[in-house]
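Peer 1: test case, fold it:
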Amino acid sequence: MQTPKIVSDFRDGLAAGELLVQSCNACGKPNMWPRYACPHCQSDDLGWLKSSGGGVLHSFCVLRQGAPEGHEGDLPYAIGAVKLDEGVQILVRLAPDGADDWSGYRCDDRVVFEGKEAGRECARFRRAAD
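Peer 2: Here you go, the predicted model:
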């Protein structure tokens with residue numbers, strides 16, 4: 001099964017160390033996750049913009065057991081909902097502060113894009129320096 005272009009474009013950005021956000025060329029509004037039509041104006045004239053990589057952690061969860069099928073080998077890991085400075089939200093992996101330690105994370109923390117999660121096609125974020 002071939003990966004859709006809107007998915008492969010996002011993943012290619014991650015592989016190049018960039019966090020891409022889909023943007024409508026007609027109305028100029030960003031959207032996430034990538035779609036075939038703008039959710040704001042319904043245009044199919046869509047492109048990509050490079051995210052600043054900064055955002056606010058709205059929620060997070062540390063999984064130590066009960067991972068979904070195919071993710072058991074990743075345990076423990078943390079996922080978080082981040083509202084990017086561009087105004088869209090994205091689900092990410094969170095980098096630990098130390099070995100299996102996410103105790104320093106708090107909702108409303110500033111977080112920054114770190115790169116692609118090793119072995120996964122998803123973005124990895126860490127707490128921003130104070």
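
Peer 1: where does the chain have low pLDDT?
Peer 2: Applying pLDDT under 70 to the chain picks out residues 130.

Peer 1: switch to 90 and redo it
Peer 2: Low-confidence segments of the chain (pLDDT under 90): 1-7, 32-34, 66-74, 98-99, 117-121, 129-130.

Peer 1: which other residues reach the longest strand seen in the chain?
Peer 2: Identified as the longest strand of the chain according to DSSP state E is strand 54-63. Contacts made with strand 54-63 from outside it, assessed by CB atoms under 8 Å, 6 or more residues apart in numbering, are listed as 75-85, 89-90, 94, 102, 105-113, 125, 128. Yep, even glycine has a C-beta here, placed from its N, CA and C like the rest.

Peer 1: could you do stretch 73-92 as well?
Peer 2: Here stretch 73-92 has contacts from 19, 21, 30-33, 49, 51-52, 54-65, 67, 71, 93-94, 96, 100, 102, 105, 111, 119-120, 122-125, using CB under 8 Å, 6+ apart.
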